[in-house]
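Peer 1: The following comprises the amino acid sequence and a computationally predicted model.
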Amino acid sequence: MDLRALHRHGWSISALARRFKINRRTVAKEVAADGPRSYPLRPPKHSLTAAQLAHIERRLLVCPVLRATDLHRELRRELGYGGSYPTFGRQLRQLRPAVVVEAAVRFETAAGVQTQVDWKHLGVWPLGEEMVQLHALVAVLGHSRMPAIRIAASCTRAVTFERLLRCLDDLGGVSRELLTDRDTVFCTAGGSRLSPEWVDLCELLGTVPRLCRPYRAKTKGKVERVNREVQESFLAWLTGQVLSPRPTIADYDAFARQWLAEVVLPRRHRTTKRGIAEAWNE
């Protein structure tokens with residue numbers, strides 16, 4: 001475009017060649033052409049095979065929000081796909097539209113200061129011989145982003161406290177404070193006052209209970225981020241696992257630990273710029 005515009009304004013072929021540092025014959029060919037040169041479409045270096053395309057179609061049919069990173073890992077592990085993630089992502093974008101992710105702002109805390117806790121609804125899953133509503137109690141250390149997940153079939157106060165103790169055991173101890181929302185498990189009087197049972201448990205553990213600001217769920221943005229990971233990645237990953245004929249809560253806990261070990265802990269966190277397992281161990 002620049003060659004043609006300047007040539008129409010009186011630039012000679014030689015002057016254009018010197019200006020853009022290209023051969024005179026190349027300049028002459030571009031100026032004389034009827035339109036811009038066309039390039040043939042090159043096939044991807046690592047094209048998806050029919051089996052890989054069928055796997056992608058089947059997984060997206062079961063879970064449309066399945067992440068491209070999870071799909072890429074499955075294809076490499078199960079179907080021998082040898083392409084890089086960017087190469088795979090370009091091909092996957094042609095199969096489904098891109099998902100716009102809302103940005104989140106996080107507040108940083110020092111090591112050992114805060115653990116954020118929240119429930120996440122998982123939907124209906126088999127438990128024993130029945131189909132029941134399952135929930136995940138998620139606890140996240142604010143500094144290292146180390147998560148712990150425990151599964152339950154109800155969200156009563158007794159179950160919450162028991163599952164929370166399991167999570168704290170997985171994390172290796174109790175931080176200086178525990179941040180929760182204003183759920184009836186932790187509060188009374190419409191969320192304006194901490195429940196006596198929750199205060200007693202925190203005193204026994206040697207920690208300080210903290211509540212989110214009203215109508216500001218993103219105050220606990222770190223655990224909300226993991227909740228989104230559970231919704232978009234863990235549930236999709238779980239659909240690809242083989243469940244026992246009569247799965248138990250312990251089975252789901254084991255799957256959650258396996259998912260954390262395989263998917264979450266090796267990841268380099270975009271905010272802290274460190275691996276989650278590395279930061280937690282430190």
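Peer 2: Right, received. Where do you want to start? From a predicted model like this one, the values you see are computed outputs, not experimental measurements.
Peer 1: What are the buried residues along the host helix or strand of residue 225?
Peer 2: Element membership of residue 225 [criterion: DSSP states H and E] is helix 221-229. For helix 221-229, burial by neighbour count (16 or more other Cβ atoms under 10 Å) applies to 221-227, 229. Yep, even glycine has a C-beta here, placed from its N, CA and C like the rest.
Peer 1: again with stretch 70-89
Peer 2: 70-75, 81, 83, 87-88.
Peer 1: just those now: which is nearest residue 278?
Peer 2: Checking the buried residues of stretch 70-89 against residue 278 by Cβ to Cβ gives residue 73 as the nearest, at 19.8 Å.
Peer 1: confidence score at that closest one?
Peer 2: With respect to pLDDT, residue 73 has a value of 90.
Peer 1: which of the residues in the host helix or strand of residue 258 are buried?
Peer 2: Element membership for residue 258 (DSSP H and E) is helix 249-259. Going by neighbour count (16+ other Cβ under 10 Å), the buried part of helix 249-259 is 251-253, 255-256, 259.
Peer 1: And residue 79, how far from residue 69?
Peer 2: Residue 79 is 16 Å from residue 69, where distance means Cβ to Cβ, to the nearest Å.
Peer 1: My error: substitute residue 238 in the last question.
Peer 2: To residue 69, residue 238 is 16 Å away according to Cβ to Cβ.
Peer 1: where are the low-confidence patches of the chain?
Peer 2: Residue ranges of the chain with pLDDT under 70: 44, 97-107, 189-191, 214-218.
Peer 1: got the residue ranges for the strands in the stretch 1-150 of the chain?
Peer 2: 114-127, 130-141, 147-152 (DSSP state E, counting those that start in this stretch).
Peer 1: which of those strands is buried the deepest?
Peer 2: Per residue and on average, the most neighbours among the strands of the stretch 1-150 of the chain fall to strand 147-152, with a mean of 24 (mean count of other Cβ atoms under 10 Å).
Peer 1: so residue 30 makes contact with residue 1?
Peer 2: No. With contact defined as Cβ atoms under 8 Å, residue 30 and residue 1 do not form a contacting pair (9.5 Å).
Peer 1: May I see the buried residues of the longest helix anywhere in the chain?
Peer 2: The longest helix of the chain (DSSP state H) is helix 157-171. Across helix 157-171, burial judged by 16+ other Cβ under 10 Å covers 159-161, 163-164, 166-168, 170-171.
Peer 1: nearest spatial neighbour of residue 51, skipping sequence neighbours?
Peer 2: residue 79 (5.9 Å; Cβ to Cβ, 6 or more residues apart in numbering).
Peer 1: Just confirm the one you found contacts residue 55, I think it does.
Peer 2: Yes. Between residue 79 and residue 55 there is a contact under Cβ under 8 Å: 6.0 Å.
Peer 1: How about residues contacting stretch 146-163?
Peer 2: For stretch 146-163, contacts defined as Cβ atoms under 8 Å, 6 or more residues apart in numbering pick out 119, 122, 127, 132-141, 164, 166-168, 170-171, 185, 195, 197-198, 201, 226, 230, 234, 249, 252-253, 256-257, 260, 264-265, 276-277, 279-280.
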